[in-house]
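This is the structure alone, sequence omitted:
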């Protein structure tokens, strides 16, 4: 069918579109709904009849009818009707729409085409109008009535204000415009001073509802203009009474009126109302006013014969009046503190009191006077304090136990209040606690003592870093049986207050008890700043300064320490608020950690700034052990070095001895047959070979082996060291060398080179000065002087 539809001539499609009316339906079908307006939620029945011959352009074959409720398909039944028509019926068992369109559709060219439509509406019957009231305007004498509409019916509803008993003797009235709930019946339809019946009628397709019928005389509901207050003055003999003079509004002089008066002082929370003022105009009296107090007065009226439904006039413009004053009355609440003064025999007193209440002040208080004795007739006592404040500091003799306090205004002075300076040595209370009473108040609770109490003194002071004093932060509870009190003066949220309670006994004052409280708490303004106190490879000790009370904003319940590194999760520990340090344990050596602190109250928490720290590689004890070990090793090396210095054997092993020429046989041999001649050796600085002029060979003793020492020499004592002297000039000996016979004893001689033995060899040199002699027996290899000597100036001496 889609392919066939695709081949439909263009003109046929255009003709079908032209047949569609504005409603989107063809003229070949009719849709009926029974009923078209139904109660919301009820059943709806619909029928669609299609006449095929009127629907040109439809495809041959049976017509398929379908339904759509707005854009949602709904199922119906289809049958063939008379005259070749197709009929489809539809039943909606529960219609829950307030308004909807029901379409009858047929299929054409593969799509659904709307050929019929019906609108269905649903709702409720109209609700009953409420609170009908009417007012007669004396300007045009039109009767304006207003009411309250009931719940919405979701259906078009007509509302009419109806009235009977009018001049027309029929039901007349007015119709509100623009959906308003008020309208005005004109004067021509009214008859004054006669009863009329008035009501509101609301009608829609599902029914009609009427308000309560109102039976009134239009003049009873006339709204008068307000009266005018002419004057207000005090009655001379009754000082708490006033008299008011008033006039009625223009046009109401012939009416009997009923009026009301209201007044209040600026500090009063509500108006005081005076009713039952009758008459056309004149004066009214009222008593019970406070002295020296500013009042504001207003008045309104209505017809006295009017029913309870009659309207009052508006309140008149206000008029102010201040009653006259008289001397203050009553006693003042006073509280004191006393301590010995610097001067001998004096007492420093701080006296505080509460200003009298308005009903006791009787006007504006001008000041207060403190004296040591009460005022007597015709004589004023000496004044020790005269002030406009509610506190005074003064000095009195130490024996003073009473002072007298009074207040005065322009009309006079009050009777003095006796203040007894009692000692604070009485029994204290058993317990005291304070809880919030609101954002700016505190409830204080205590346990009553066993002894009878006449009154209580409650003091409170804001806790601050800089101590201050609030002279008004106290109050007296006159009920000695009370166990609770409400503090409202000077209380601020998020501030800590010290509260003290003094019981007043007969003849003494009890020792105070104290507590602290907040009226409202929140999170601290900021957290403490962390400081590193000590750190090791596995532990870090932190410290912080306690938060100032101004930024706590509540009682600190705990501190929480958080720490973490790049390789570990965040760990935490909760610290008691009384502590100001904490040691984090179980840290990893040589690791960077980030630490911060959180301060908490019952209302919230605040985090502090982060502190970065790095653990050490070794602990302090390990570092101390390392330094101690190095010290011990150093001391051991020093001891070992000293031992090596003192031990000869070790010294010989480590530092070998150099042979001492003094221990050679040449150094020990002393010739006996040769005349003692000084032996002069050539100086080592002389460049040429030594000249020997005479060589004498001594024959050795029989049996002596070369290299063996003569027994006589061996037995002889060791020779003393002798100097060898070289003559540099006549009579001027210069020491050239010295051979010690016992020097370098015990040293081992070197084996190489082997020594040469020359026995009993006498060498005489002919080098001037008588010649030099040397006797050689065992010249060591260390004496190369004898190698290459010239004998007699001509021959060399070899081995």
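Thanks, I have the structure now. The structure presented is a predicted model; accordingly, all values stated were derived computationally and were not measured. Residues are numbered from 1 along each chain as shown.

who does the helix or strand residue 645 falls within touch, helix- and strand-wise?
Element membership for residue 645, per DSSP states H and E: helix 620-646. Packing partners of helix 620-646 (3 or more C-beta pairs under 8 Å, 6 or more residues apart in numbering; DSSP states H and E): helix 648-654. Quick note: C-beta positions are derived from backbone N, CA and C, even for glycine.

how about low-confidence regions in the stretch 651-799 of the chain?
By pLDDT under 70, the low-scoring segments of the stretch 651-799 of the chain are 651-658, 660, 662, 664-799.

try the stretch 401-550 of the chain
Checking the stretch 401-550 of the chain against pLDDT under 70 turns up 465-469.

What segments of it are strands?
For the stretch 401-550 of the chain, strands defined by DSSP state E, counting those that start in this stretch occupy the ranges 402-409, 412-413, 417-420, 432-438, 441-446, 455-462, 474-477, 484-487, 496-505, 508-509, 513-518, 530-535, 539-544.

mind putting those strands in JSON lines, distance to residue 388 and mean neighbour count included?
What follows is these, written out as JSON lines (distance: least, C-beta to C-beta, whole Å; neighbours: other C-beta atoms under 10 Å):
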{"stretch": "strand 402-409", "distance to residue 388": "10", "mean neighbour count": "20"}
{"stretch": "strand 412-413", "distance to residue 388": "14", "mean neighbour count": "15"}
{"stretch": "strand 417-420", "distance to residue 388": "17", "mean neighbour count": "16"}
{"stretch": "strand 432-438", "distance to residue 388": "32", "mean neighbour count": "16"}
{"stretch": "strand 441-446", "distance to residue 388": "28", "mean neighbour count": "18"}
{"stretch": "strand 455-462", "distance to residue 388": "23", "mean neighbour count": "20"}
{"stretch": "strand 474-477", "distance to residue 388": "19", "mean neighbour count": "19"}
{"stretch": "strand 484-487", "distance to residue 388": "26", "mean neighbour count": "17"}
{"stretch": "strand 496-505", "distance to residue 388": "27", "mean neighbour count": "20"}
{"stretch": "strand 508-509", "distance to residue 388": "28", "mean neighbour count": "18"}
{"stretch": "strand 513-518", "distance to residue 388": "32", "mean neighbour count": "17"}
{"stretch": "strand 530-535", "distance to residue 388": "52", "mean neighbour count": "15"}
{"stretch": "strand 539-544", "distance to residue 388": "48", "mean neighbour count": "19"}
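
who wins for proximity to residue 214 among the ones you listed?
Ranking those by proximity to residue 214 (C-beta to C-beta) places strand 432-438 first, at 46.7 Å.

Show me what that closest one pairs with in its sheet, parallel or antiparallel.
strand 441-446 (antiparallel) (DSSP bridges).

What does residue 97 show for phi and psi?
Main-chain torsions, residue 97, degrees, to the nearest 10: phi -100, psi 140.

Quick check: it touching residue 154?
No. Counting by C-beta atoms under 8 Å, residue 97 does not reach residue 154; the two are 9.8 Å apart.

quick one: the nearest residue to residue 299 once chain neighbours are set aside from residue 171, how far?
The shortest distance from residue 299 to any non-neighbouring residue, by C-beta to C-beta, 6 or more residues apart in numbering, is to residue 316 (4.7 Å). Going from residue 316 to residue 171 by C-beta to C-beta, to the nearest Å gives 40 Å.

can you give me the end-to-end distance of stretch 565-572?
Start-to-end span of stretch 565-572 (C-alpha to C-alpha, to the nearest Å) is 12 Å.

now do stretch 70-81
End-to-end span of stretch 70-81 (C-alpha to C-alpha): 26 Å.

now the strands: where do they sit in the stretch 251-400 of the chain?
Applying DSSP E, counting those that start in this stretch to the stretch 251-400 of the chain gives strands spanning 257-264, 272-278, 282-287, 294-303, 319-322, 334-340, 346-353, 365-371, 383-387, 391-397.

Next, format the ones you listed as TSV and append mean pLDDT and distance to residue 158.
Output for these, formatted as TSV (pLDDT from 0 to 100; distance: least, C-beta to C-beta, whole Å):
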stretch	mean pLDDT	distance to residue 158
strand 257-264	90	39
strand 272-278	88	43
strand 282-287	85	50
strand 294-303	91	35
strand 319-322	94	49
strand 334-340	88	75
strand 346-353	90	74
strand 365-371	94	69
strand 383-387	92	78
strand 391-397	91	76
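
Just tell me which of those strands ends up closest to residue 645.
Residue 645 lies closest to strand 334-340 among these, at 82.6 Å (C-beta to C-beta).

picking up where we left off before, now the strands of the stretch 251-400 of the chain as TSV including distance to residue 194?
Shown next, in TSV, are the strands of the stretch 251-400 of the chain (distance: least, C-beta to C-beta, whole Å):
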stretch	distance to residue 194
strand 257-264	21
strand 272-278	25
strand 282-287	31
strand 294-303	15
strand 319-322	38
strand 334-340	71
strand 346-353	69
strand 365-371	62
strand 383-387	73
strand 391-397	73
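
Just the mean pLDDT for the longest strand belonging to the chain, thanks.
Counting residues, the longest strand found in the chain (DSSP state E) is strand 111-123. In this model, strand 111-123 carries a mean pLDDT of 88.

for it, which positions count as buried?
By 16 or more other C-beta atoms under 10 Å, the buried positions in strand 111-123 come out as 113, 114, 115, 116, 117, 118, 120, 121, 122, 123.

same check, this time on stretch 85-101
85, 86, 87, 88, 90, 92, 95, 100, 101.

now, which of the residues you listed sits nearest residue 108?
Distances from residue 108 to the buried residues of stretch 85-101, taken by C-beta to C-beta, are shortest for residue 86, at 13.8 Å.

What residues are bridge-paired with the closest one?
residue 50, residue 80.

Report the contact partners of it.
49, 50, 52, 62, 63, 65, 78, 79, 80 (C-beta atoms under 8 Å, 6 or more residues apart in numbering).

And those, which is closest to residue 637?
residue 65 (119.7 Å).

How many neighbouring residues does the closest one have?
Neighbour count for residue 65, taken as other C-beta atoms under 10 Å: 24.

what's the answer for the one 4 residues further on, then?
Using other C-beta under 10 Å, the number of residues around residue 69 comes to 18.

Break this structure down into its structural domains.
Using the TED database, the domain parsing of the chain gives 29-123, 130-221, 224-323, 334-420, 433-518, 530-615.

now the second one: how far from the chain's centre is it?
Here domain 130-221 is found 62 Å from its chain centre; the criterion is C-alpha atoms, centre = their mean, to the nearest Å.

Show the end-to-end separation of it, please.
Across domain 130-221, the terminal residues are separated by 18 Å (C-alpha to C-alpha).

follow-up on the earlier one: joint contacts of residue 97 and residue 154?
With C-beta under 8 Å, 6+ apart applied, the overlap between the contact sets of residue 97 and residue 154 consists of residue 122.

Give me the residue ranges of the stretch 51-200 of the chain where confidence is low.
Applying pLDDT under 70 to the stretch 51-200 of the chain flags residues 56-61, 166-170.

in it, which spans are strands?
Assigned by DSSP E, counting those that start in this stretch, the strands in the stretch 51-200 of the chain fall at 65-69, 72-74, 77-80, 85-92, 99-108, 111-123, 130-137, 143-148, 158-164, 172-174, 182-185, 196-204.

Redo those strands as JSON lines? Include distance to residue 543.
Output for these, formatted as JSON lines (distance: least, C-beta to C-beta, whole Å):
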{"stretch": "strand 65-69", "distance to residue 543": "78"}
{"stretch": "strand 72-74", "distance to residue 543": "74"}
{"stretch": "strand 77-80", "distance to residue 543": "90"}
{"stretch": "strand 85-92", "distance to residue 543": "81"}
{"stretch": "strand 99-108", "distance to residue 543": "76"}
{"stretch": "strand 111-123", "distance to residue 543": "77"}
{"stretch": "strand 130-137", "distance to residue 543": "73"}
{"stretch": "strand 143-148", "distance to residue 543": "71"}
{"stretch": "strand 158-164", "distance to residue 543": "80"}
{"stretch": "strand 172-174", "distance to residue 543": "86"}
{"stretch": "strand 182-185", "distance to residue 543": "76"}
{"stretch": "strand 196-204", "distance to residue 543": "80"}
